[in-house]
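>>> Kindly generate the corresponding structure for this input.
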Amino acid sequence: ENKIGDNLSDVKTKNRSLVLRLIKKKGFLSRIELARITGLTQPTITNIVNDLIKAGLLIEVGTSETKAGRKPILLAFNDQAFYVVAISFKKKGFTVALTDLGPNILYRRDSNYSLLENTEMTLVELQKEFIHVLEYATQSLSLILGIGVSVPGPADPESFTILAHPVFLAHHNLDLRPVLREYDLPIFMMNNAYAACLHETWGGKAKEARSLVYFMVGETVGAGIMVDGKLYQGTDQKAGEIGRTSINIFGPRCVCGNYGCTELYCSTKSAVEKALEAAWLGKSPFLKKRLREKENTLTFQDLLEGAKNKDPVCREIFTSLGQYVGIGVVNLLNLYNPEVLVIGGEIALAKEFIESSVQQVIEERLLYRDYTSSKIYYSQWGEDVTLLGAASLVLDRFIAGELGRF
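I've put the predicted structure just below:
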């Protein structure tokens, strides 16, 4: 049977968690404001706040303005109270970092080793970089709460396994426990898009949102979905695969086996492929020169630089890319009607070049466009959003009281 009652210890943890969550999301609150928002009595709030200050989780940071009487003392969340090891895998390479509870990146190790190309060597490199991060944090090892891991494809968080995926890990599932478990730290794992979605609720423009869709567009395309304040990942934790939906049933075959997938049209990889074609055909002097300088390779950053230099071909590629991103946004808005939709991943770096074409597609194609109240934002975190998302996995569990630290 499921237990439905709460003992006194559970109630204390829930109330402390509530106070921490409110202050972390609001930034600054007084004891009076906490009592008003939570409905808890002033003495209860005083006891909770005193305990959290003693634990080093809250700090007093001055006073708020009032018209009369004593000025209430403001409380803030202490981001430096504990630390997190964050690991973010991408299609090409990975990053291991130490963060505080901001989360802010304090130290990082980047590697170009790819699980898609060499699984064994990547795991050896992962262990090496992981040790480097722990050595950096030698004086604070007891303050590390856990390890957060974000991956581009599907993952099984119960077994800490990255699941086989044709785009990322082609041949077999990969258990990370042999590399990470020997350090006796809690491990939390999640798909990149969902980790990014979670981070936006802690550090982005969606702190107050109860429903959120994070539309991640980079070399791969996916979505993280939050409904009523909770992540919705589906029965097998594989929801949000917007990149695997067909927008052209007669389109080219995707690596996943489907045809005309969204990812083939609105990923940054597709934009780079167009840039390469334009360079080879001599349509863009800028891209042709860059191709020669870089020994026949181009990156999304090259395309961005070309657009910033007003190269017409680069601008045209971004206009087309924005139209397909707009189609993805319309499909997600029609499906989920979220309070907030965040466009993020590498594509957010190109906001100034895609925003108008994205908006035009939304205005032309969104159902009920005259009545929608959904807000659309571009993520401010750039390519580090998945790394910060990995840290946010641990932050979220910590504030929920699941790590037993308060």
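
>>> Show the average pLDDT along stretch 354-372.
The average of the pLDDT scores along stretch 354-372 is 93.

>>> Identify each buried residue in that stretch, please.
By neighbour count on 16 or more other C-beta atoms under 10 Å, the buried set for stretch 354-372 is 354-355, 357-358, 361-362, 366. Every residue, glycine included, has its C-beta placed from N, CA and C.

>>> And the helices in the protein, which stretches?
8-26, 31-38, 42-54, 119-136, 177-180, 192-203, 263-266, 268-280, 285-293, 300-308, 312-336, 351-365, 385-399 (DSSP state H).

>>> Can you check which of those helices gets nearest to residue 109?
helix 119-136 (4.0 Å; C-beta to C-beta).

>>> what's that closest one in contact with?
For helix 119-136, contacts defined as C-beta atoms under 8 Å, 6 or more residues apart in numbering pick out 85, 87, 94, 96-98, 107-109, 111, 113-115, 141, 169, 171, 174, 178-180, 183.

>>> again, only using 7 Å
With C-beta atoms under 7 Å, 6 or more residues apart in numbering as the test, helix 119-136 has contacts from 85, 94, 96-98, 107, 109, 111, 113-115, 141, 174, 179.

>>> which one of these is nearest residue 373?
Of those, the one sitting nearest to residue 373 (C-beta to C-beta) turns out to be residue 97, at 36.5 Å.

>>> Would you format the buried residues of stretch 354-372 as CSV with distance to residue 27 included?
Below are these laid out as CSV (distance: C-beta to C-beta, whole Å):
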residue, distance to residue 27
354, 31
355, 28
357, 35
358, 30
361, 35
362, 31
366, 33
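
>>> about what we covered before: strands - which of the contacts of helix 119-136 land there?
Judged by DSSP state E, those include 85, 94, 96-98, 107, 109, 111, 174 as members of strands.

>>> quick one: which of these is nearest to residue 267?
For the ones in strands among the contacts of helix 119-136, the nearest to residue 267 is residue 94 (19.3 Å; C-beta to C-beta).

>>> nearest spatial neighbour of that closest one, skipping sequence neighbours?
Distances taken as C-beta to C-beta, 6 or more residues apart in numbering place residue 111 nearest to residue 94, at 5.5 Å, with adjacent residues excluded.

>>> what sits against the one you found?
Residue 111 touches 93-94, 125, 129, counting by C-beta under 7 Å, 6+ apart.

>>> Likewise for residue 155?
Residues near residue 155 by C-beta under 7 Å, 6+ apart: 161-163, 189-191.

>>> any idea which of the contacts of residue 111 is closest to residue 204?
Set against residue 204, the nearest of these by C-beta to C-beta is residue 94 (22.7 Å).

>>> which stretch in the helices of the chain has the least confidence?
helix 177-180 (a mean of 85).

>>> just checking, what packs against that helix?
Identification of packing neighbours for helix 177-180 by 3 or more C-beta pairs under 7 Å, 6 or more residues apart in numbering; DSSP states H and E yields helix 119-136.

>>> Tell me the buried residues in the helix it packs on?
Buried residues in helix 119-136, counted by 16+ other C-beta under 10 Å: 119, 122-123, 125-126, 129-130, 133-134.

>>> Tell me the pLDDT of residue 347.
The score at residue 347 is 96. That number is its pLDDT.

>>> related to what we said a few turns ago, tabulate the contacts of residue 111 (JSON lines), appending distance to residue 271.
Converted to JSON lines, these look like this (distance: C-beta to C-beta, whole Å):
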{"residue": "93", "distance to residue 271": "19"}
{"residue": "94", "distance to residue 271": "23"}
{"residue": "125", "distance to residue 271": "29"}
{"residue": "129", "distance to residue 271": "30"}
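
>>> And the furthest pair within these?
93 and 129 (10.7 Å).

>>> For residue 328, give its distance to residue 272.
Residue 328 is 18 Å from residue 272, where distance means C-beta to C-beta, to the nearest Å.

>>> So the chain: which segments form each domain?
When the chain is parsed with automatic domain parsing, its domains come out as 8-77, 83-199+385-399, 207-380.

>>> which of those sits most buried?
Of all those, domain 83-199+385-399 carries the top mean neighbour count, a mean of 20, counting by mean count of other C-beta atoms under 10 Å.

>>> tell me how far it is from the chain's mean position?
Centroid separation for domain 83-199+385-399 versus its chain: 13 Å, with C-alpha atoms, centre = their mean, to the nearest Å.

>>> Can you give me the end-to-end span of that domain?
Its first and final residues considered, domain 83-199+385-399 spans 13 Å by C-alpha to C-alpha, to the nearest Å.

>>> a markdown table for the ones in strands among the contacts of helix 119-136, including pLDDT and distance to residue 266?
Shown next, in a markdown table, are these (pLDDT from 0 to 100; distance: C-beta to C-beta, whole Å):
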| residue | pLDDT | distance to residue 266 |
| --- | --- | --- |
| 85 | 98 | 33 |
| 94 | 94 | 24 |
| 96 | 97 | 29 |
| 97 | 98 | 28 |
| 98 | 98 | 34 |
| 107 | 98 | 34 |
| 109 | 97 | 31 |
| 111 | 94 | 28 |
| 174 | 83 | 28 |
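
>>> Farthest-apart pair in these, please.
Maximum pairwise distance among the ones in strands among the contacts of helix 119-136 (C-beta to C-beta): 25.3 Å, between 107 and 174.

>>> Distance of the spatially most central residue of the chain relative to residue 331?
Central residue of the chain (C-alpha atoms, centre = their mean): residue 196, 1.2 Å from the mean position. Counting by C-beta to C-beta, the separation of residue 196 from residue 331 is 19 Å.

>>> Residue 258 too?
As judged by C-beta to C-beta, residue 258 and residue 331 stand 15 Å apart.

>>> Ok, residue 161 next?
Where residue 331 is concerned, residue 161 sits at a distance of 30 Å (C-beta to C-beta).

>>> Contacts only, for the nearest residue to residue 267 once chain neighbours are set aside.
Closest residue to residue 267 apart from its sequence neighbours, by C-beta to C-beta, 6+ apart: residue 221 at 5.2 Å. Going by C-beta under 7 Å, 6+ apart, residue 221 touches 242-243, 262-263, 266-267.

>>> Kindly report the same for residue 340.
Residue 340 neighbours (C-beta under 7 Å, 6+ apart): 206, 209, 212, 374-375, 377.

>>> could I get the residues you listed as a markdown table with distance to residue 322?
Output for these, formatted as a markdown table (distance: C-beta to C-beta, whole Å):
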| residue | distance to residue 322 |
| --- | --- |
| 206 | 22 |
| 209 | 24 |
| 212 | 22 |
| 374 | 18 |
| 375 | 19 |
| 377 | 16 |
